[in-house]
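A.B. asks: sequence and predicted structure are below.
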Amino acid sequence: MKKVAVVYWSGTGNTADMANAVEAGAQAAGAEVSNMMVSEFSEDMVAQYDAFAFGCPAMGAEELEEDEFKPVFEACMPKLKGKAVALFGSYGWGGGEWMKVWEQMCAGKGLALAAESVICEGAPDDAAKDKLSALGAALAK
């Protein structure tokens, strides 16, 4: 059984709702899942998991949350090579440019994403939740 970590930061609750959908999809596919805020996670925990879903909303000028999420994610990146990683998050305006930049940052560090990233404007609707569940299931395989 794969161990999947769903690690996220959420300001309004939208990304937390997305994390719950990822968790449900991974559990339904047979994975053991830990769903946690980024403040509960550290780079020292990476070795405990086989796969990761990282979630962060777009902040400011479409960038990752800089005080809590980005420092932890950047510290984890070197240890994520060879592990299944996927990204998700919500945005309030713009077109999701922060996700493209985040994906490029991962590629630049040699991380191959295991599933297509999922973004949604505001709260996740049923279609977004289906995509998030599929993302979780992909990490469980």
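C.D. replies: Perfect, thanks for sending it.
A.B. asks: just the mean pLDDT for stretch 94-105, thanks.
C.D. replies: Averaging pLDDT along stretch 94-105 yields 91.
A.B. asks: other SSEs contacting the strand ranked longest in the chain?
C.D. replies: Criterion DSSP state E: the longest strand present in the chain is strand 84-91. Helices and strands touching strand 84-91, by 3 or more CB pairs under 8 Å, 6 or more residues apart in numbering; DSSP states H and E, are helix 14-28, strand 51-55, helix 97-108, strand 118-121, helix 126-140. (Glycine included, C-beta is placed from N, CA and C.)
A.B. asks: can you report how many residues lie near the residue lying closest to Ala19 once chain neighbours are set aside?
C.D. replies: If the residues on either side of it in the chain are set aside, Ala19 comes closest to Tyr8, at 4.4 Å by CB to CB, 6 or more residues apart in numbering. When neighbours are defined as other CB atoms under 10 Å, Tyr8 has 25 of them.
A.B. asks: partners of the residue nearest to the spatial centre of the chain in the sheet?
C.D. replies: In the chain, the centroid-proximal residue (CA atoms, centre = their mean) is Phe54; its distance is 2.0 Å. Note on Phe54: beta-bridge partners by DSSP bridges are Val7, Leu87.
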